[in-house]
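Trainee: using only what follows, build the 3D model:
(chains A, B, C and D)
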Number of protein chains: 2
Amino acid sequence: MSSRTPRDGAPTIRDVAARAGVATATVSNVLTGRRSVGADKQRLVLEAVAALGYRPNHLAASLRRQQTRTIGIVVPDITNPFFTAIVRRIEEVAGAADYESVLVDCNESTVREGARLRALLARMIDGLIVAPTEDDLAAHAPLLPRLPSSVLIDRGFGTAGFDTVAADNNDAAWRGCRHLLELGHRDIALLASARELSNIRDRIAGYQRALAEAGCGGRARVVLGGHGVESSRAAIEQELRRADRPTAVFAVTYPATLGAVKAIRALDLACPDDVSLLGFDESDWMTVLRPYVSTILQPSELIADRAWQLISARLARSAAPFEHVRLPCMLAVRESTKPPPADAAARRHARRTEARHIKGRMIA
Amino acid sequence: MSSRTPRDGAPTIRDVAARAGVATATVSNVLTGRRSVGADKQRLVLEAVAALGYRPNHLAASLRRQQTRTIGIVVPDITNPFFTAIVRRIEEVAGAADYESVLVDCNESTVREGARLRALLARMIDGLIVAPTEDDLAAHAPLLPRLPSSVLIDRGFGTAGFDTVAADNNDAAWRGCRHLLELGHRDIALLASARELSNIRDRIAGYQRALAEAGCGGRARVVLGGHGVESSRAAIEQELRRADRPTAVFAVTYPATLGAVKAIRALDLACPDDVSLLGFDESDWMTVLRPYVSTILQPSELIADRAWQLISARLARSAAPFEHVRLPCMLAVRESTKPPPADAAARRHARRTEARHIKGRMIA
DNA sequence: CGTTAGTGCAAAAACGATTTGCTCGCAAGC
DNA sequence: GCTTGCGAGCAAATCGTTTTTGCACTAACG
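Mentor: Numbers count the residues shown, from 1 in each chain, chains lettered A, B, ... in the order given. Alright, predicted model coming up:
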């Protein structure tokens, strides 16, 4: 009956207008509420909409309005519960604001990140929340001018020109390290992934700061284990095999934490009797693991919330100066961190006096 | 210089055409390769594209072509590693085929699922891969006619008219239960989430089938613990508190598995000495948990791959009859399943004779 | 009583691509 | 030599909305 009822079946705004006997503009106004419409026409339109089961084509609206109500979420590894939680939360709050989220998992690969970012930008997404695989987004320089309003989360803060949201990594690592120092540890190995990430750099810095304040600035042992569980395990296992093995391991990454647990298991070391372990992030399974590992908890949901807030503001054309949010972490002291074994203290003492003996006045 | 160089900066196909001195149709033909274009014009267009840094607006193309090269992925809980793996894989293979994935996490809520599905459909996505929160998609009946080519994964196979991909749940549960039976267990509790899900129903059926084959059809104990870890823990804990507690627990869900571990811990039962545990799905953390829990491994990546294949075919307008793929699971026997304790056998014997005594000939 | 402001509606112009005809040469076939 | 066919290229229509513009009509104000 109406001018066009093609096989794809979806009625258009014109069908509605025709059926209601009004202009398409009126239908649009009724539906969007941008301009007032007389009560009678309003009723006619609504009836026609209901009768036809009309649902506006979001694509056409997006094209016209030049905004898609879609954001991109780019993470290096959705398998990491820290990112899983963030993705989940962002999807939730964005969805509540009627924004769709398109997901990209780059698998910690910069080239994949570039390719997928390119594809994303062609879609005219309105905003982007990204945890980059590298610290310098300039790796994707040709894309940068095209970037919609974006928020960087967790890492990659080497590139200026974005809002950023992250845990207060420096403080978190500082507090974690202090906790170990207060227990009496002096040989604390830090197990991190890679120095190219701003969050990791901050964590290393916090660790070193705590060490320096305790007068052990020279004892920093930073072990780089890469992004995976296995590479982390291998790296820290090697460190734990040494005669002067650390009395405590501070793993500052989720995979590193699991890697450290595995290494300690593999070497048949007792935790925390032989070696203390402090981790980063959390898995439900930790609650049933003995010892229940002490860990630093990042406020992942808060990070997601703030990221969404910032993107929201930018979407509303805010031209406020870039914000750099740092959220405090929680140190959860559980069972895996205890004072170092007595013989370790003795060993340390021996080594120290020996060193004094050798280097003589040089330490003074 | 060109007719329009607005502040949003993005050059359009018209800008390219103007600069190259050709019609927009020619630019389109060069870029899409649908029709042949003379070598000279081709060069001109390509130069103009490069000079302007032109990137086609995917939105406009989608509107015209009536396809967005976007699929939706709807899962009940992305926090569950089974779904995390699937989402990750689908995003990967879809991305490789230049499809974007928009993610929806329904948090096991049907109303949220409906709302988000509605929003998704308005976007003209080309395909949908969904693991529904309920068995019957008819809960969202008004949406059904609008559904693009969709594949159901894991569950919700109560609704006809879709391709489906899942683990062979019946067989998996059968094999799991047989494993426990062969170890000598006769009191095996099945910890599941809810009967409304086809996958759960299949698992229950497989469990019951194995029991029946072993002649213990009457001993089925199905415990329903809901979707969460805590509710599962509470449910199975209650069961384990009973005097005639089961000698083995078969948790057929990822959260149920963790819940069962927690319950066993909470009751201070020894696993597998007091009670055996067989789980479903897997977490990296299991490898460091003692006992290393035996479990059923679903082929999540294969499920994702097959789902994408099916969607792919439908996107290419295949009108083949609906396919129902069932993929075999792997039973990983590790440390948490052992023969039942001797006294349990004794108890069982006692109970049986007692029952005989009471019921007399009735059993015969 | 004339002017202004305000309201409600229809028509038309975006949005930025793809696709459909149509024209124009030019070469091959009869 | 005339027609047929084909490859190239262009103008215009199209996808389905939103938004602007212009018109007609009413109410209020000077």
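Trainee: alpha carbons only for contacts and neighbour counts from here, please
Mentor: OK.
Trainee: run a quick neighbour tally on A:Leu267.
Mentor: Neighbour count for A:Leu267, taken as other Cα atoms under 10 Å in any protein chain shown: 12.
Trainee: right, and it touches A:Glu237 too?
Mentor: Yes - in this structure, A:Leu267 sits in contact with A:Glu237. The criterion is Cα atoms under 8 Å, and the distance is 7.5 Å.
Trainee: so how far is B:Leu181 from A:Thr164?
Mentor: The span separating A:Thr164 from B:Leu181 equals 56 Å under the rule Cα to Cα, to the nearest Å.
Trainee: of these two, who's got more company?
Mentor: Neighbour totals were compared for A:Thr164 and B:Leu181, and A:Thr164 leads with 26 against 20 (other Cα under 10 Å).
Trainee: is stretch A:103-112 up against chain B anywhere?
Mentor: Yes - using Cα under 8 Å from any Cα of the partner chain, a contact is recorded between stretch A:103-112 and chain B, made by A:Leu103, A:Val104, A:Asp105.
Trainee: my error: substitute stretch A:287-307 in the last question.
Mentor: Yes - Stretch A:287-307 lies within reach of chain B by Cα under 8 Å from any Cα, at A:Val288, A:Leu289, A:Arg290.
Trainee: in that stretch, which residues are buried?
Mentor: Using 16 or more other Cα atoms under 10 Å in any protein chain shown as the burial criterion, the residues of stretch A:287-307 that qualify are A:288-289, A:291-307.
Trainee: and if you look at stretch A:189-206?
Mentor: Those buried within stretch A:189-206 under the rule 16+ other Cα under 10 Å are A:189-195, A:197-206.
Trainee: so which of the residues you listed belong to strands?
Mentor: The subset of the buried residues of stretch A:189-206 located in strands under the criterion DSSP state E comprises A:Ala189, A:Leu190, A:Leu191, A:Ala192.
Trainee: can you pick out the most distant pair from those residues?
Mentor: A:Ala189 and A:Ala192 (9.5 Å; Cα to Cα).
Trainee: now do the helices in chain A.
Mentor: If DSSP state H is used as the criterion, the helices of chain A fall at A:13-20, A:24-32, A:39-52, A:58-65, A:81-96, A:110-121, A:169-182, A:198-213, A:229-241, A:254-266, A:300-315, A:342-359.
Trainee: give me the distance from the third one to the chain's centre.
Mentor: Okay, so that is helix A:39-52. The chain centre lies 46 Å from the centre of helix A:39-52; the measure is Cα atoms, centre = their mean, to the nearest Å.
Trainee: helices or strands next to that helix in the packing?
Mentor: Based on contacts counted as 3 or more Cα pairs under 8 Å, 6 or more residues apart in numbering or on different chains; DSSP states H and E, the elements that helix A:39-52 packs against are helix A:13-20, helix A:24-32.
Trainee: repeat that with 6 Å
Mentor: helix A:13-20 (3 or more Cα pairs under 6 Å, 6 or more residues apart in numbering or on different chains; DSSP states H and E).
Trainee: list the contacts of the helix it packs on.
Mentor: By Cα atoms under 6 Å, 6 or more residues apart in numbering or on different chains, the list of residues contacting helix A:13-20 from outside reads A:Ala23, A:Thr24, A:Leu44, A:Val45, A:Ala48.
Trainee: could you pick out the buried ones from these?
Mentor: Buried subset of the contacts of helix A:13-20 (neighbour count, 16+ other Cα under 10 Å): A:Thr24, A:Leu44, A:Val45, A:Ala48.
Trainee: for the third one, give me its contacts.
Mentor: Listed by Cα under 6 Å, 6+ apart, the contact set of A:Val45 reads A:Ala20.
Trainee: show me the contacts for the nearest residue to A:Pro272 once chain neighbours are set aside.
Mentor: For A:Pro272, ignoring the flanking residues on the chain, the nearest one in space by Cα to Cα, 6 or more residues apart in numbering or on different chains is A:Ser336 at 4.9 Å. Taking Cα under 6 Å, 6+ apart, we find A:Ser336 in contact with A:Pro272, A:Ser276, A:Leu277, A:Pro291, A:Val293, A:Ser294.
Trainee: go again with 7 Å.
Mentor: A:Cys271, A:Pro272, A:Ser276, A:Leu277, A:Leu278, A:Pro291, A:Tyr292, A:Val293, A:Ser294 (Cα atoms under 7 Å, 6 or more residues apart in numbering or on different chains).
Trainee: give me the subset of the residues of stretch A:103-112 next to chain B lying in strands.
Mentor: A:Leu103, A:Val104, A:Asp105.
Trainee: can you tell me which of these is closest to chain B?
Mentor: Chain B lies nearest to A:Leu103 out of these, by Cα to the nearest Cα, at 6.0 Å.
Trainee: coming back round to it: identify the contacts common to A:Ala189 and A:Ala192.
Mentor: When contacts are counted by Cα under 7 Å, 6+ apart, A:Ala189 and A:Ala192 are jointly contacted by A:Val223.
Trainee: and A:Cys271, how far is that from DNA strand C?
Mentor: A:Cys271 sits 60 Å away from DNA strand C, going by Cα to the nearest atom of the strand, to the nearest Å.
Trainee: pLDDT score assigned to that residue?
Mentor: In this model, A:Cys271 is scored at 95, pLDDT.
Trainee: dump the contacts of A:Ser336 to CSV, plus distance to A:Ala115.
Mentor: Converted to CSV, those look like this (distance: Cα to Cα, whole Å):
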residue, distance to A:Ala115
A:Cys271, 44
A:Pro272, 45
A:Ser276, 42
A:Leu277, 38
A:Leu278, 37
A:Pro291, 43
A:Tyr292, 41
A:Val293, 38
A:Ser294, 39
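Trainee: let me know the closest of these to DNA strand C.
Mentor: A:Leu278 (51.9 Å; Cα to the nearest atom of the strand).
Trainee: with adjacent residues omitted, what lies nearest to the closest one?
Mentor: Counting by Cα to Cα, 6+ apart, A:Phe250 is the residue found nearest to A:Leu278 once chain neighbours are left out, at 4.8 Å.
Trainee: redo the helices of chain A as TSV? Include distance to DNA strand C and mean pLDDT.
Mentor: Listed next are the helices of chain A as TSV, based on distance: least, Cα to the nearest atom of the strand, whole Å; pLDDT from 0 to 100:
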stretch	distance to DNA strand C	mean pLDDT
helix A:13-20	8	92
helix A:24-32	5	92
helix A:39-52	5	91
helix A:58-65	3	94
helix A:81-96	24	97
helix A:110-121	12	92
helix A:169-182	41	98
helix A:198-213	36	97
helix A:229-241	43	98
helix A:254-266	42	98
helix A:300-315	17	96
helix A:342-359	67	59
